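Visitor: From the sequence below, what's the structure:
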Amino acid sequence: MFRRSKADEPATQPTASPAGTTTGSGKGRPTPTRREAEAAAKARARAVTDSKEARRQARDKRAAESRRMREGMKNGDERYLMSRDKGPVKRFIRDFVDARVSIAEFLLPLLLLTFVLQASGNAALVRFGGALWTTTILVVLIDTVWLVFRLKRALRERFPEESQRGTVFYAVLRALQVRPLRSPKPKVRIGGRPK
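Guide: Numbering: from 1, shown residues only. I've put the predicted structure just below:
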């Protein structure tokens with residue numbers, strides 16, 4: 001077999017790159033010194049930590065905004081309320097419900113007490129639990145009907161031009177919630193006057 005000599009091999013011609021520099025078999029630039037290489041490595045490391053820092057700051061900013069929105073919702077700030085809670089009519093309903101003690105608030109605790117009495121196995125306690133639950137349901141129904149009647153009358157006096165659609169459902173849901181867990185927080189004390 002014949003070996004090709006170096007003279008027989010085609011010469012590699014340098015090609016022109018779009019930027020106008022010639023690139024051949026070499027890299028086309030001098031090898032960086034150790035100091036330049038270390039500086040470039042430090043700059044790359046800084047960029048990585050800076051992006052991590054930027055992500056951390058963005059996460060902290062989102063968390064702070066979320067906290068501000070939750071606080072605004074709890075305190076009844078109109079900017080942060082959901083659309084179902086916005087407006088003067090809904091504010092009046094919240095104040096109207098919060099100004100009184102609703103028997104419906106005690107429905108869940110009484111239900112738990114009834115379950116405990118029913119599970120005790122004692123016949124007298126089971127009968128008492130059943131009577132307690134029946135009485136609670138009747139009292140809650142009467143109290144809710146009274147609340148709805150008074151609320152509708154107050155809404156007709158205060159907001160005669162406003163639609164009363166959905167107001168009863170909103171008021172009953174508010175009355176069913178235990179007072180400390182209501183959102184937005186109650187702004188009227190029990191026995192106070194709605195604004």
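Visitor: R94 versus the residue lying closest to D95 once chain neighbours are set aside, what's the distance?
Guide: Spatial nearest neighbour of D95, chain neighbours left out: P194 (3.5 Å); criterion: Cβ to Cβ, 6 or more residues apart in numbering. C-betas here are computed from N, CA, C, even on glycine. Distance, P194 to R94, by Cβ to Cβ, to the nearest Å: 8 Å.
Visitor: Comparing these two, which shows the higher neighbour count?
Guide: R94 (24 against 18; other Cβ atoms under 10 Å).
Visitor: next one: the helix or strand in which that one is found to chain centre, how far?
Guide: R94 belongs to helix 88-98 when elements are defined using DSSP states H and E. How far helix 88-98 lies from its chain's middle: 23 Å, per Cα atoms, centre = their mean, to the nearest Å.
Visitor: Can you spell out which helices and strands pack onto it?
Guide: helix 123-158, helix 167-176 (3 or more Cβ pairs under 8 Å, 6 or more residues apart in numbering; DSSP states H and E).
Visitor: Which strands and helices lie in contact with the first one?
Guide: This points to helix 123-158. Looks like helix 123-158 contacts helix 88-98, helix 107-119, helix 167-176 (3+ Cβ pairs under 8 Å, 6+ apart).
Visitor: now for the ones you listed, which one comes closest to P32?
Guide: Closest to P32 of the helices and strands packed on helix 123-158, according to Cβ to Cβ: helix 88-98, at 67.8 Å.
Visitor: got a list of contacts for that closest one?
Guide: Helix 88-98 has contacts (Cβ atoms under 8 Å, 6 or more residues apart in numbering) with 76, 84-85, 147, 151, 154-155, 158-159, 162, 167, 170-171, 174-175, 179, 182, 184, 186-188, 190, 192, 194-195.
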